[in-house]
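Enquirer: Need the 3D shape of this:
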Amino acid sequence: MIVGLVYDILIGVPLTLGREILVKLRDEIDRQRLVTEASIKERLQQLQLLLQDGELSEGEYDELEAQLMERLRAVRQYQRG
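Expert: From the prediction side, this is the model:
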């Protein structure tokens, strides 16, 4: 009983916390790398705003939009299996 408690305190809790931290880090990295559908859609909206504000030319916008749409298709295909 005491051995189990010591094991949980010394090994179990740090492993559980470490796993939770790694999951949160992975999720943030995925969001930054545009591997989620929501993050890609968010980036497309940002590009539209940049175009409207004149910070992107039509050509730049078209090129970046095409890349993001291709990535979006790949993410959707991956999610389907």
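
Enquirer: Tell me, please, where in the protein the pLDDT is lower than the cut-off.
Expert: By pLDDT under 70, the weakly predicted segments of the chain are 1-18, 22, 29-34.

Enquirer: and it, what are its domains?
Expert: Following automatic domain parsing, one gets these domains for the chain: 1-33, 36-81.

Enquirer: which residues of this structure fall in helices?
Expert: Secondary structure of the chain (DSSP state H): helices at 2-7, 13-32, 37-52, 58-80.

Enquirer: Point out the most buried one among these.
Expert: Using mean count of other C-beta atoms under 10 Å, the stretch among the helices of the chain with the greatest mean number of neighbours is helix 37-52 (a mean of 14). C-beta: built from backbone N, CA, C; applies to glycine.

Enquirer: then that helix to CSV, C-alphas only?
Expert: Backbone C-alpha positions of helix 37-52 (Å, rounded to 0.1, in the frame of the first residue of the first chain) are rendered in CSV as follows:
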residue,chain,number,x,y,z
GLU,A,37,-8.9,22.9,-40.5
ALA,A,38,-9.8,25.7,-38.1
SER,A,39,-6.2,27.1,-38.2
ILE,A,40,-6.2,27.1,-42.0
LYS,A,41,-9.5,28.8,-42.2
GLU,A,42,-8.3,31.4,-39.7
ARG,A,43,-5.2,32.0,-41.9
LEU,A,44,-7.3,32.4,-45.0
GLN,A,45,-9.3,35.1,-43.2
GLN,A,46,-6.1,36.9,-42.2
LEU,A,47,-5.0,36.9,-45.8
GLN,A,48,-8.3,38.4,-46.9
LEU,A,49,-7.8,41.2,-44.4
LEU,A,50,-4.3,41.8,-45.6
LEU,A,51,-5.5,42.0,-49.2
GLN,A,52,-8.3,44.4,-48.2
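
Enquirer: Next, the angle helix 58-80 makes with it.
Expert: Helix 37-52 and helix 58-80 are oriented at 170 degrees to each other (axes from the mean of the first three to the mean of the last three C-alpha atoms, to 10 degrees).

Enquirer: helices or strands up against helix 37-52?
Expert: If you count contacts as 3 or more C-beta pairs under 8 Å, 6 or more residues apart in numbering; DSSP states H and E, helix 37-52 packs onto helix 13-32, helix 58-80.
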